[in-house]
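Colleague: sequence and computational prediction follow.
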Amino acid sequence: MRYPAAETAEKHQKILAEASRLFKERGFGVSVSEIMKTTGLTHGPFYNHFDSKEALMAECITHSAASALADLDVAGETSEGMRAYVQSYLSHEHRDARAEGCLIAAFAGQAGNGEGVNASLTAYLKSVIDRFARNFPWRSKKNARGDAIRTLASMYGGVVMARAVDDEALSEEILREVLAGLEAAPKIKIQR
C-alpha cells in the first residue's frame with residue numbers, strides 16, 4: 001500500500017526528529033528498532049526512508065544542524081545576542097539537556113562511524129566557524145577565524161567535560177571557568 005507523499009514526508013521528519021534526540025542523548029548505539037518504536041512505527045518501513053542506519057545518522061546531523069544554525073543566525077544579529085548565546089551554551093541547563101543540546105558535543109566523540117557522519121559534522125562545523133568569525137563581537141576582525149575556532153573549541157570542550165564528570169560542583173566549576181576564560185580573553189568581549 002502506498003501512502004500519500006505528504007504522509008511519507010511527515011513520517012520521515014518524525015523519524016529524523018526522534019533519532020536525532022535519541023542519538024544526542026545516548027549515542028549512535030541506539031537501535032533502529034528502538035528509534036522506530038518511539039515514532040510509533042514498526043521496524044519494516046525504516047528502509048523506505050533510509051538506505052542504512054549510517055545514512056540515518058548522517059541525515060540526523062544535517063537535520064539537527066539546520067535548527068542549530070538558525071538559532072546561531074538569530075543570536076548573531078547583535079553582539080548582545082552572541083554573548084547570550086555563549087553564556088547559554090556554557091550553562092548547566094544546556095549541559096543537562098543532551099537530547100536537545102549541541103550536536104558537536106553529542107556527536108564529535110562518535111565520529112568515524114562512517115563517511116556520511118564525518119562529512120555532515122564537517123559541513124556543520126565549517127558553517128559554525130564561519131558564522132562565529134563573521135558575527136561574533138571580535139575586537140579585531142584580522143584573526144576572527146582563528147579566534148572563532150579557539151572559542152568554539154573551548155565551548156565544546158567545556159560542555160563535554162562538564163557532562164563527563166559525576167561531581168556536580170566540579171561540573172559547574174568547569175562551565176564557570178571556561179566562561180570566565182572566554183570573558184578574560186583579550187581578543188573577544190563577552191562580559192555580561
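Modeller: Received it, and whenever you're ready, just let me know what you need.

Colleague: what distance do you get for L103 to Y124?
Modeller: 7 Å (C-beta to C-beta, to the nearest Å). Backbone N, C-alpha and C define where each C-beta goes, glycine included.

Colleague: out of those two, which sits in the more crowded spot?
Modeller: L103 (23 against 20; other C-beta atoms under 10 Å).

Colleague: do I have it right that the more buried one meets I61?
Modeller: Yes: between L103 and I61 there is a contact under C-beta atoms under 8 Å: 6.0 Å.

Colleague: residues shared between the contacts of these two?
Modeller: 121, 124 (C-beta atoms under 8 Å, 6 or more residues apart in numbering).

Colleague: contacting residues around the nearest residue to L16 once chain neighbours are set aside?
Modeller: Excluding the flanking residues, the one nearest L16 by C-beta to C-beta, 6 or more residues apart in numbering is H63, at 4.6 Å. If you count contacts by C-beta under 8 Å, 6+ apart, H63 has them with 16-17, 20.

Colleague: can I get the CA coordinates of stretch 170-177 in CSV?
Modeller: Output of stretch 170-177 as CSV, limited to C-alpha atoms (Å, rounded to 0.1, in the frame of the first residue of the first chain):
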residue,chain,number,x,y,z
LEU,A,170,33.2,20.2,39.5
SER,A,171,30.8,20.2,36.6
GLU,A,172,29.6,23.7,37.5
GLU,A,173,33.2,24.9,38.1
ILE,A,174,34.2,23.7,34.6
LEU,A,175,31.4,25.6,33.0
ARG,A,176,32.1,28.7,35.1
GLU,A,177,35.9,28.6,34.4
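
Colleague: list the buried residues for that stretch?
Modeller: When burial is assessed from 16 or more other C-beta atoms under 10 Å, stretch 170-177 yields the following buried residues: 171, 174-175.
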